[in-house]
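S.K.: Fold the stuff below for me.
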Amino acid sequence: MSASTSRTFLITGVNSGLGKAFAQEALDAGHRVIGTVRRDADAQAFAAFAPGRAYPLILDVTDFRAIPAAVADAERSAGPVDVLVNNAGYGHEGVLEESSLDDLQRQFATNVFGPVAMIKAVLPGMRDRRRGHIVNVTSMGGFITMPGISFYCGSKFALEGISEALGKELLGFGIRVTALAPGQFRTDWAGRSMDRTPRSIADYDAIMDPIRTGRQAKSGNQPGDPAKAAQALLALVDAEEPPVRLFLGEGALDLVETKLGSMRAEIDLWSALSRSTSFSS
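M.R.: Numbers count the residues shown, from 1 in each chain. Model prediction:
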């Protein structure tokens, strides 16, 4: 790959899961990668991926005040960020009534406010250069929903909406925004990375107990290959007309198609009432 076609990626959360796969694929393709981690040991491991092109950045994306200076320092070392991949995040599992507002605030701090803070740090430079690509890793849970992860779905719905509106704001500056929505991939999302609220209300046992047991059993056996997700990411950023939203995985597509069908049926069923709310002419 020539220097003219190489890019500088900034990827959050590169110590494991999809973030690690994204970073490895970008480095293997000859790009430079600034990767955020939260521990010194992870920083050293990441730097060893590709000495001279892998730039570890010790940063917690919920430390909003630290982000602008940290990103500026990283750009001085690695070069201006061409592609921001907001990958860092986690899942909260728990029915809403059993979960606390602190749980909700932590979920949104990592999955929504952190990505927005990262976007705000790179946007001035991208806007000045009139180019760039922001990829926000959302989830199929940002379009479909499942019981027991209401806070997680809410955070991903929020990031989806922000991504779509932001893309319209930035289109005239040559900056593209894509929501990348994976389905079930073989990462630690449903395992050690998941925050689980302890069960406390017996009325929810019939709903929640099978969900929690099933999700734990599937952890480590999901059908999605992180390496193939990383290949899809590079194809996405290489596209002349990248999509506003890209779902990853056959399971995600099937669930999305089912929801689209049910939404259309419900809209049609209630359309008369929907249209009845305007002033009479």
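S.K.: chain center to the helix or strand hosting Pro210: distance?
M.R.: Assigned by DSSP states H and E, Pro210 belongs to helix 205-218. Relative to the chain's own centre, helix 205-218 is displaced by 24 Å; criterion: CA atoms, centre = their mean, to the nearest Å.
S.K.: now do stretch 255-274
M.R.: 27 Å.
S.K.: for stretch 193-206, same thing?
M.R.: Averaging C-alpha coordinates over stretch 193-206 and over its chain gives two centres that are 25 Å apart (CA atoms, centre = their mean).
S.K.: just stretch 13-32 next, same as before
M.R.: 14 Å.
S.K.: buried sites along the helix holding Pro210?
M.R.: The neighbour-count criterion (16 or more other CB atoms under 10 Å) identifies 208, 211-212, 215 as the buried residues of helix 205-218. Bear in mind the C-beta positions are built from the backbone N, C-alpha and C, glycine included.
S.K.: and what of stretch 110-130?
M.R.: By neighbour count, with 16+ other CB under 10 Å as the criterion, the buried positions of stretch 110-130 are 110-119, 121-123, 126.
S.K.: Give me the subset of those that lies in helices.
M.R.: Judged by DSSP state H, the subset of the buried residues of stretch 110-130 located in helices is 114-119, 121-123, 126.
S.K.: will you turn those residues into TSV that also has distance to Trp270?
M.R.: Formatted as TSV, those follow (distance: CB to CB, whole Å):
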residue	distance to Trp270
Gly114	37
Pro115	34
Val116	34
Ala117	39
Met118	39
Ile119	36
Ala121	43
Val122	42
Leu123	39
Met126	42
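S.K.: closest to Thr197 among these?
M.R.: Checking these against Thr197 with CB to CB, the nearest one is Gly114 at 21.0 Å.
S.K.: Please tell me how far that closest one sits from Gly148.
M.R.: Relative to Gly148, Gly114 is positioned 23 Å away (CB to CB, to the nearest Å).
S.K.: swap in Glu160?
M.R.: 20 Å.
S.K.: higher neighbour count, these two?
M.R.: Taking other CB atoms under 10 Å, Glu160 and Gly148 do not tie; Gly148 has more neighbours (25 against 20).
S.K.: low-confidence ranges in this structure?
M.R.: 1-4, 187-191, 220, 223 (pLDDT under 70).
S.K.: for the residue nearest in space to the middle of it, what are its contacts?
M.R.: Within the chain, the residue whose C-alpha comes closest to the C-alpha centroid is Val137; the distance, by CA atoms, centre = their mean, is 2.0 Å. Contact partners of Val137, counting by CB atoms under 8 Å, 6 or more residues apart in numbering, are 18, 85-87, 89, 180-182.
S.K.: Excluding chain neighbours, what is closest to Gln44?
M.R.: Spatially, and ignoring its direct neighbours in sequence, Gln44 is nearest to Pro56 (7.4 Å; CB to CB, 6 or more residues apart in numbering).
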